[in-house]
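> next comes the sequence, and after it the predicted model I'd like to discuss.
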Amino acid sequence: MTDEASQSSAHWIYNQTVKMFAAGATPEFEEADELEKYWGRAWGIDNDVGRMRAVLVHRPGDELKVVDPKKRIPEIGSYGDIKEGWYFQSDRVPPLAEMQAQHDGLTAALRAEGVDVFEIEGDHGKRLKSCYARDPLIMVKGGAIVCRMGARIRRGEELAVTRTLAKLGVPILRTLSGSALMEGGSFAWIDDKTAVIGCGVRVNHEGAAQVGEVLKRQGVELIVTDLVGYDIHIDGSFLMVDKGLALVNPAGLSYAFLQDLKRLKVETIEIEPSDYGWVVNSLAVAPRKLLIPEGGSNRLLDQLAKKGIEWKALPYDAMHLNGGGIHCSTTPLIRDRV
Ligand SMILES: NC(=O)NCCC[C@H](N)C(=O)O
């Protein structure tokens, strides 16, 4: 055999071998079997109400000690340090032990529901808001989008969450970059084909556009709506509790978005000024099954009961002092499809 002939025969063998062992593009990345085989579990969600299987949290810790009782800003009733970037919008310093006990109550309730609870690892430095594990990431089909936080003191939560996701084996489909601002509390699934982002002081249209690029590849329409005033996240005013059923505070939502909900045939339960607003920041662990903070008015609880919603009420007032609730404290990593 000439050198030329033997080279072309080697090339033929190589081609045939590569052809025989090619992976092929389907089944797609987001298919449960693919994820389980190569990433260990079928990470990802495409709704906010299906039975929850895994969740990410951070138990509040020493990072809360950054709050210096001498740094009072009396004119607005907060504590804070503009130079260091930390703020604590409350009239008393963080009651850390109480916050930890309430957070432990939340994780115990999640475990009682059969949910695997994962902790964001690492040293949280002075990032006192990192107990709100909802915000540095967004879970979509097949994995996570890592956000870019809109408050200086929260920058760096992205790195801790990236390390944790990598350790768990959760695929990161995108990390927001450039001039994007995005926090997970302002993202919500409405159904498996539609999601919403509320833009405002913490989330800009560039951030929404970058999330929208990932969702577009998944066949998901993204509604981008504006929040009111200095509201930071849509999850203060909007919560899906089952397919086609949401709990809302209409005062925190745009009329355009209320119309979108009508178009999507989502029925709403509206809270009123006399209700405890934090109840909207609850968490569905399964369709029509919620973890809610204690303090819900009888009027609102009656409304929930009328819709066949069940709930477990947890003490969470100390955790609210840092500016977030039960929903803010959790990012579900896996839910059943509904
Ligand atoms: N998803 C949420 O609404 N998270 C609450 C974050 C509150 C916290 N005080 C913050 O300013 O980032």
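All right, it came through fine.
> what residues sit buried inside stretch 225-235?
By neighbour count on 16 or more other CB atoms under 10 Å, the buried set for stretch 225-235 is 225, 227, 231-235. C-betas here are computed from N, CA, C, even on glycine.
> which bits of the stretch 1-150 of the chain sit near the ligand?
Listed as neighbours of the ligand in the stretch 1-150 of the chain under the rule CB under 6 Å from any ligand atom: 129, 132, 134-135.
> just the helices in the stretch 51-200 of the chain please.
Here the stretch 51-200 of the chain has its helices, by DSSP state H, counting those that start in this stretch, at 96-112, 157-168.
> got TSV for the ones you listed, with mean neighbour count and mean pLDDT too?
Output for these, formatted as TSV (neighbours: other CB atoms under 10 Å; pLDDT from 0 to 100):
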stretch	mean neighbour count	mean pLDDT
helix 96-112	16	98
helix 157-168	18	98
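> distance of Thr164 from the ligand?
According to CB to the nearest ligand atom, to the nearest Å, Thr164 and the ligand sit 18 Å apart.
> that residue contacts Leu56, correct?
Yes - here Thr164 reaches Leu56: they are 7.1 Å apart, a contact under CB atoms under 8 Å.
> what's the overlap in contacts for the two?
Taking CB atoms under 8 Å, 6 or more residues apart in numbering as the contact rule, Thr164 and Leu56 both touch 118-120.
> of those, buried ones?
Taking 16+ other CB under 10 Å as the criterion, what is buried in those is 118, 120.
> and the shared contacts of Thr164 and Leu56, which is closest to the ligand?
For these, the residue nearest the ligand by CB to the nearest ligand atom is Ile120; the value is 14.1 Å.
> can you give me every residue that contacts that closest one?
56-58, 130, 133, 157, 160-161, 164.
> apply 6 Å and report the result again.
Counting by CB atoms under 6 Å, 6 or more residues apart in numbering, Ile120 makes contact with 58, 133, 160-161, 164.
> before we move on, back to that, JSON lines for the helices of the stretch 51-200 of the chain, including distance to Glu310?
Shown next, in JSON lines, are those (distance: least, CB to CB, whole Å):
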{"stretch": "helix 96-112", "distance to Glu310": "13"}
{"stretch": "helix 157-168", "distance to Glu310": "30"}
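> check which residues of stretch 148-155 are buried.
Neighbour-count burial for stretch 148-155, counted by 16+ other CB under 10 Å, picks out 148-151, 153-154.
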